[in-house]
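Participant: starting from these lines, generate the structure:
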Amino acid sequence: MRRIACLIGLLLASGATAAPPADPLGSPNWEGLAKTFFGDDPVRFDDRVRVVFPAIAEDQHEFPVEVDARTIPGVKRVLIFADLNPIPLAVDFAPGRSQPFIATRIKLDQRTPVRGAVQLADGSWLVSGGWIDAAGGGCSAPPVSRVKGDWAQHLGEVRGRAWAETGGARVRLAFRHPMDTGFVANIPTYNLETVTLRGQDGADYGTVSLEASVGEDPALTLITPAKAGDALTMAGRDTNGIEYGAKLTVAAQARFAAN
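Facilitator: Got it, this is the predicted structure:
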């Protein structure tokens, strides 16, 4: 027993840390990504982190992904990432007073696990996800707006809707932006970088940090504690310093089908 205790002490003194848990998806990149995203924080797999996406990737340039951790108390961060993408991380969401829920569209460069991860108040992480087959090239093909040549005329446009539902208000935001990955010849990385949403009283309704692996013309769906009639304010910024802004009023109900 004394020898075991001494060995443990030596390991702690040398800064040794526990390896991340074995990956149920068997991804070759899991261990490195876990170290990058979670550091030495405790990590475990938990199906309460609901990662919802289609069974088939019909468009590898805009693949819809939803992470819903509303049944888990104390969530302070939500990540969306795809292990085998050249830019694995897509979204890092700090929900503030909003629900730990986010939906968006990401690029897929090949067959890959797509995951959601949430950080709890104690610093630990819960992870879930699944494999998706994709034709590939989502990160290396030029955006449609670049091909059409009209991206500069629409850069900075914002559309948004907000409507009341049970327990709060659902907010959808859509931006015109090429979300360049830097993997297309002569087109450097250029992406929408942050989006912050605030309530009528200035309350923090969440900040979304985006990477270039989010799909062109990014769309975000959040669930806030706002009520019908409340005014919401959005502020955003891209990697070239261009600022975005919008004001929304929460409608009493949706005027279109909600996903």
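Participant: check contacts around the residue nearest the centre of the chain.
Facilitator: Residue closest to the mean C-alpha point of the chain, counted by C-alpha atoms, centre = their mean, is residue 91 at 2.5 Å. Neighbouring residues of residue 91 by C-beta atoms under 8 Å, 6 or more residues apart in numbering: 78, 79, 80, 102, 104, 106, 208, 209, 210, 211, 214. All C-beta atoms are positioned from the backbone trio N, CA, C, and that covers glycine.
Participant: report the beta-bridge partners for the closest residue to it other than its chain neighbours.
Facilitator: Of all residues not flanking residue 91 in the chain, residue 80 sits nearest, at 4.3 Å (C-beta to C-beta, 6 or more residues apart in numbering). Applying DSSP bridges to residue 80 gives these bridge partners: residue 91, residue 116.
Participant: residues near residue 80, how many?
Facilitator: Using other C-beta atoms under 10 Å, residue 80 has 28 other residues around it.
Participant: is it in contact with residue 63, as I believe?
Facilitator: No: using C-beta atoms under 8 Å, residue 80 is not in contact with residue 63, being 10.6 Å away.
Participant: mind listing the shared neighbours of these two?
Facilitator: With C-beta under 8 Å, 6+ apart as the test, residue 80 and residue 63 both reach 106, 114.
Participant: all the strands of the stretch 51-200 of the chain, residue numbers only.
Facilitator: Taking DSSP state E, counting those that start in this stretch, the strands of the stretch 51-200 of the chain run over residues 63-68, 75-82, 89-94, 101-106, 112-120, 125-132, 158-165, 168-175, 192-198.
Participant: with mean pLDDT and distance to residue 38 as new columns, can the ones you listed be given to me in CSV?
Facilitator: Putting the strands of the stretch 51-200 of the chain into CSV (pLDDT from 0 to 100; distance: least, C-beta to C-beta, whole Å) gives the following:
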stretch, mean pLDDT, distance to residue 38
strand 63-68, 98, 16
strand 75-82, 98, 9
strand 89-94, 98, 12
strand 101-106, 98, 18
strand 112-120, 98, 7
strand 125-132, 98, 5
strand 158-165, 95, 32
strand 168-175, 96, 28
strand 192-198, 98, 22
